[in-house]
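S.K.: model this:
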Amino acid sequence: MTNRHPETTLDLSGLLCPLPVLKTRKVLEAMTSGSELVVLATDPMAAIDMPHFCNEQGHSLVEQSQTDKILKFRIKRK
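M.R.: Down below sits the predicted model:
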């Protein structure tokens with residue numbers, strides 16, 4: 001059995017840039033290192049902004065996918 005950190009889901013559907021990144025940053029700041037945050041967004045710009053944010057802040061973008069108009073990002077906090 002692997003020792004996993006807790007996972008949190010943040011639904012940011014309907015919010016436009018820059019709100020998805022700003023709200024993601026705020027939630028990640030409150031999380032412990034190694035925790036994973038699943039972010040759901042509908043703003044097409046999030047597909048560009050979220051990977052850039054993770055790269056700039058040192059978080060790992062574990063997964064990025066899209067189903068219909070919902071973008072899903074799995075981010076592991078540094």
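S.K.: Point out where the protein drops to low pLDDT.
M.R.: Confidence mapping of the chain against pLDDT under 70 gives the ranges 1-6.
S.K.: what about the helices in it?
M.R.: Listed in chain order, the helices of the chain (DSSP state H) span 19-30, 46-57.
S.K.: Out of those, flag the one nearest residue 10.
M.R.: Of all those, helix 19-30 sits nearest to residue 10, with 5.5 Å by Cβ to Cβ. C-beta coordinates here come from the backbone N, C-alpha and C atoms, glycine included.
S.K.: Touching the closest one from outside, list them.
M.R.: Outside helix 19-30, the residues within contact range by Cβ atoms under 8 Å, 6 or more residues apart in numbering are 8, 10, 12, 15, 37, 39, 41, 43, 46, 49-50, 53, 57, 59, 75, 77.
S.K.: Let's have the helices of the chain in TSV, adding mean neighbour count.
M.R.: Listed next are those as TSV, based on neighbours: other Cβ atoms under 10 Å:
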stretch	mean neighbour count
helix 19-30	16
helix 46-57	16
